[in-house]
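> Give me the fold of what follows.
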Amino acid sequence: MAGALTLEKAAAGRAPDGLSVASPHVHGLTIIRALIQRLSDKTYKKRRGAALEVQQTVIEMIKSGRIDGVPYVVDEVHTRLVCSTNTNARRGGLMALAAVAIALADIQASQTPGILSQFIERLLSIVLVSFSDPDSGVRYAASEALYNIAKVARSLVLPYMNRIFDVLAKVIADTDEKSQQGAGLLDRLFKDIVSEMDAEISVEPFVELVAQRMYVLDPNTRMFLVSWVVVLQSVPGVTFVPYLPRFLNGIFRIFSDENLNLQTMCEDLLNDFLVEMAIEKDFDGAAMMPTLLHFAKQEECFRARRMALTWIDEIASLDLMSTMSFAPRIAAVVLPALSATANEIRETSISINQAMRKFNFESLKADPDVPSRDADGSGPAVVEEQPRFDLTEMLNVLAQQVKRGSAATRLAVLRWILHLHRAMTIRLYPYIDALSLMLLRTACDPDDKVARLALECVAEMGTCPDGEIVPAVQHELAKRSLVDFLKRFLVMLSDPKGVLEGRMSFIVVNLAHYLGPELLWTELVQAELDVSAYCDSRLSVSHESQSSLIDTDIAAHKLCQIFLLEPEFAPVRQLIRGLETEGARMLFEKTYKAWCSSPVSTLSICLLAEEYRHACAVLSRLADLEVTVQTGHEIGLLVEAIESPTFLHMRMQLTSAVHNAYLLKALYGLLMVLPQSRQYSILRTRLDSLSDAALALNRQVSQEDGVAAPTRVAIDSPQLLAFFDLVQQRKAAARPY
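Predicted structure coming up:
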């Protein structure tokens, strides 16, 4: 160590073989050598007295014109004292070096300007090395020496601030209390020097030093690091914003410290950075985002989490383009926080979420790497700058959050799906299977707002906007989306466990509101036919498919109840009741075939359509089928439906001779199928109210008025009955007994 720290002899003008007797430096060096023993004394008072004599000796040397002797003095002190194995000698040597600096400062102030600057680097180099001394007393003496040198040198130490900072960062965590005190005094002095000097400071090396030490756990070092960033940030012309990605993670780690003073200091510093970023707009938001996302989801430290979210919000407002590259990861952090109990967390998360949804997704190409050309295909290929928005990852995040988030989170997820569908319709359809399943599960949500919004998503994804010209492929994909959802719904509806119990009416009614009752009913019965056809095609393949075929009557019965009783379907019921158009006939026949697996449901649609003769044919077949307890229950529900406003028109027809015969036959047949029960009594009471006298009177009135049967489109009754028989045969064959 001694050789490395020896000052250059050539630069000092020292002769290779030492000083001659006639050398002008002999007198000064002789005095210094005489003081060596006293500077090595074990008592502080004697060492200090000797240091003062060194100071006076240096002053006299310079005044007498022997300035070139100063390097020899420094070299002598360094070699014989600072590099000594005697701890007292090392302490005295450091005191002597400080005395030299003070002497040079005195001369500089009085007669030789700039003289201290010639020696400051040599003095600092020797003193700074001493901070690594194993003896705590020497380290404290180094602190004293550096303090005295810096106090007289002031701005001259600025070029060496990074080296000084590196030393201070180590000694501030010294285990010796006295050394820590000395480091604290030095810290305050250098901050004062930096603050009062309008000088350029090399920020980049300083940033590297800070970044290397940000992960220490010692609270004193953490406080030291942050305080220095605060001081330098306040110096005019110094900015840390371009370097934030290098040490932002460390700042936030310190922010997460339990020390409240540290938290407050970090919070103020980070707020200052935000203000500067907003003004200069010269920052790399993408490089900082991983750090911010990490701390934005850490609930252990509220203030750090709040600050991370604030930064994400600010970056999104200043540079939304680069922010969208992290949209899925941001959504994974922000969506759960939408229901946070803390207002600051919740409101900031809402702001971030809204900012991302304002992004123009329509500007995104299917492949961001494909270069664009001029409209005519000519011109050089230009790769347009656009964010790397990962739609697959975004949808995965939304799917996760909708399952485990709060109601506010689930609503936000569904609004995202609506937004993405409107902005990038075609790109969303490859994910339709997963989306249909997710939306169906969400449609069963206990929160009505969430469930309705899920169904609104289904309706919007399953239709094309009215009045807009859209590609044929979009029409096809929209229809596929709706059909896929309805098929899944029917499968869940057929589950004997009642997965959708209590929610099926809600789902169907709200879908009717968004899609229109006629469109929904048309697609729903067609989906039911498709499911039945699939089960039929798989009948001989697996027992699971056999069970599915048997359970389709559950879906038919449940849909029948909704269709007959819910007011939203009144227009469709009116359409089927009249059978005045070809469209009405087709809808009736589709519904009939879809419900053939449930004989009572088939009978219900016949009564609604006023196809009483066909209803009698279905009833006659019902007598040949296995009538279970469930069948009796379904017939009872049908009787209750007959007493509802839906069948008011049919009940009035009981008094009409024109339709009386087959209607009465159907109702009496229904009565015969019913066991003795409350529903049996209801229907019998209704039929008993029709006296022979009343029927005769109405027949006479009808003849006198010339009432004729309304014009109706004929149904293919034989073909429908054959289809009904075929379905029942397949059901019987599919039973496991």
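> So what's the residue count around residue 506?
17 (other CB atoms under 10 Å). Where C-beta positions appear, they are placed from N, C-alpha and C, glycine not excepted.
> So the nearest residue to it once chain neighbours are set aside: helix, strand or coil?
Setting aside the residues directly before and after it, residue 506 is nearest to residue 451 in space (CB to CB, 6 or more residues apart in numbering), at 6.5 Å. Following DSSP: H, G, I helix; E, B strand; the rest coil, residue 451 is assigned to helix.
> how about low-confidence regions in the stretch 551-700 of the chain?
Applying pLDDT under 70 to the stretch 551-700 of the chain picks out residues 551, 657-659, 691-700.
> and what of the chain?
1-29, 112, 198-200, 362-387, 466-469, 496-499, 534-551, 657-659, 691-710, 734-737.
> rewinding a little: pull the contacting residues for the residue nearest to residue 506.
For residue 451, the contacting residues are 442, 443, 444, 445, 503, 506, 507, 510, by CB atoms under 8 Å, 6 or more residues apart in numbering.
> Of those, which belong to helices?
By the criterion of DSSP state H, membership of the contacts of residue 451 in helices covers 442, 443, 506, 507, 510.
> which one of the residues you listed is nearest residue 464?
Residue 464 has its nearest neighbour among those in residue 510, at 20.1 Å by CB to CB.
> Give me the neighbour count for the closest one.
Counted with other CB under 10 Å, residue 510 comes out at 22.
> The closest residue to it other than its chain neighbours: what's it in contact with?
In space, and not counting its chain neighbours, residue 510 is closest to residue 455: 4.7 Å by CB to CB, 6+ apart. Residues in contact with residue 455 (CB under 8 Å, 6+ apart) are 439, 443, 507, 510, 511, 514.
> and the helix or strand containing residue 275, which residues are buried?
Using DSSP states H and E, residue 275 falls within helix 260-280. Residues of helix 260-280 classed as buried: 262, 263, 265, 266, 267, 269, 270, 273, 274, 276, 277 (neighbour count, 16 or more other CB atoms under 10 Å).
> chain center to that helix, what's the gap?
Its chain's C-alpha centre and that of helix 260-280 lie 24 Å apart, by CA atoms, centre = their mean, to the nearest Å.
> That one - contacts with which helices or strands?
Under the contact criterion of 3 or more CB pairs under 8 Å, 6 or more residues apart in numbering; DSSP states H and E, helix 260-280 touches helix 219-233, helix 244-255, helix 302-318.
> what's the angle between it and helix 244-255?
Here the directions of helix 260-280 and helix 244-255 differ by 150 degrees (axes from the mean of the first three to the mean of the last three CA atoms, to 10 degrees).
> And the contacts of whichever helix or strand comes after helix 260-280?
Sequence order places helix 285-296 as the next helix or strand after helix 260-280, per DSSP H and E. Applying CB under 8 Å, 6+ apart, the external contacts of helix 285-296 come out as 244-245, 248-249, 252, 255-256, 301, 304-305, 307-309, 311-312, 315, 318-319, 322-323, 325-326, 329-330, 333-334, 337.
> Return a ChimeraX selection command for the buried portion of these.
To isolate the buried ones among those in ChimeraX, judged by 16+ other CB under 10 Å, type:
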select :244,245,248,249,252,255,256,301,304,305,307,308,309,311,312,315,319,322,323,325,326,329,330,333,334,337
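> can you redo the helices and strands packed on helix 260-280 as TSV with distance to residue 459?
TSV is the format used below for the helices and strands packed on helix 260-280 (distance: least, CB to CB, whole Å):
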stretch	distance to residue 459
helix 219-233	54
helix 244-255	44
helix 302-318	31
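> closest one to residue 435 among those?
helix 302-318 (25.9 Å).
> same for that closest one, what does it pack against?
Secondary elements touching helix 302-318 (3+ CB pairs under 8 Å, 6+ apart): helix 244-255, helix 260-280, helix 285-296, helix 320-323, helix 327-337, helix 343-357.
> which parts of stretch 504-516 are buried?
Within stretch 504-516, judged by 16+ other CB under 10 Å, the buried ones are 504, 506, 507, 508, 509, 510, 511, 512, 514, 515, 516.
> do stretch 446-460 as well
Of the residues in stretch 446-460, 450, 451, 452, 453, 454, 455, 456, 457, 458, 459, 460 count as buried by neighbour count, 16+ other CB under 10 Å.
> if we can go back for a sec, what's the most distant pair in the buried residues of helix 260-280?
262 and 277 (22.3 Å).
> surely residue 88 meets residue 47?
Yes. Contact criterion CB atoms under 8 Å: residue 88 and residue 47 qualify, at 7.2 Å.
> These two: who's more crowded?
Set side by side, residue 88 and residue 47 show more neighbours around residue 47, with 25 against 21, by other CB under 10 Å.
> which helices and strands does the helix or strand hosting that one pack with?
Assigned by DSSP H and E, residue 47 belongs to helix 44-63. Counting contacts by 3+ CB pairs under 8 Å, 6+ apart, helix 44-63 packs against helix 26-39, helix 70-77, helix 87-110.
> Figure out which of the ones you listed is closest to residue 62.
Judging these by CB to CB, what sits closest to residue 62 is helix 87-110, at 4.9 Å.
> Residue 121 and residue 68: what is the separation?
Distance from residue 121 to residue 68, counting by CB to CB, to the nearest Å: 17 Å.
> got it, and residue 195?
Distance, residue 195 to residue 68, using CB to CB: 36 Å.
> Have a look at those two and say which one is more surrounded.
Shown here are residue 195 and residue 68; by other CB under 10 Å, residue 68 has more neighbours (15 against 12).
> thinking again about what came up before, in a markdown table: the buried residues of helix 260-280, plus distance to residue 688.
A markdown table is the format used below for these (distance: CB to CB, whole Å):
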| residue | distance to residue 688 |
| --- | --- |
| 262 | 89 |
| 263 | 85 |
| 265 | 91 |
| 266 | 87 |
| 267 | 84 |
| 269 | 90 |
| 270 | 85 |
| 273 | 88 |
| 274 | 84 |
| 276 | 91 |
| 277 | 86 |
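> out of those residues, who's nearest residue 350?
Nearest member of the buried residues of helix 260-280 to residue 350, counting by CB to CB, is residue 274, at 18.8 Å.
> so what's that closest one closest to, chain neighbours aside?
Closest residue to residue 274 apart from its sequence neighbours, by CB to CB, 6+ apart: residue 314 at 5.4 Å.
> Which residues does the strand or helix carrying residue 438 contact?
Using DSSP H and E, residue 438 sits in helix 432-443. Helix 432-443 has contacts (CB under 8 Å, 6+ apart) with 395, 398-399, 402-403, 410, 414, 417, 428, 450-451, 454-455, 457-458, 461, 477, 480-481, 484-485, 488-489, 492, 503, 507.
> Restricted to helices, list those residues.
Using DSSP H, the subset of the contacts of helix 432-443 located in helices is 395, 398-399, 402-403, 410, 414, 417, 428, 450-451, 454-455, 457-458, 461, 477, 480-481, 484-485, 488-489, 492, 507.
> Okay, residue 599 and residue 479: tell me how far apart.
Distance from residue 599 to residue 479, by CB to CB: 31 Å.
> Look at the two and report which has more neighbours.
Using other CB under 10 Å as the criterion, residue 599 and residue 479 rank with residue 599 on top: 26 against 14.
> which ones are touching that one?
Neighbour list for residue 599: 618, 621, 622, 625, 631, 724, 728 [criterion: CB under 8 Å, 6+ apart].
> again, only this time at 6 Å
The contact partners of residue 599, taken as CB atoms under 6 Å, 6 or more residues apart in numbering, are residue 622.
> Then the one 3 residues further on?
Contacts here follow CB under 6 Å, 6+ apart; on that basis residue 602 touches 595, 596, 618.
> What lies in contact with the helix holding residue 47?
Counting contacts by CB under 6 Å, 6+ apart, the residues touching helix 44-63 from outside are 28, 31, 35, 38-39, 41, 69, 92, 95-96, 99-100, 102-103, 107.
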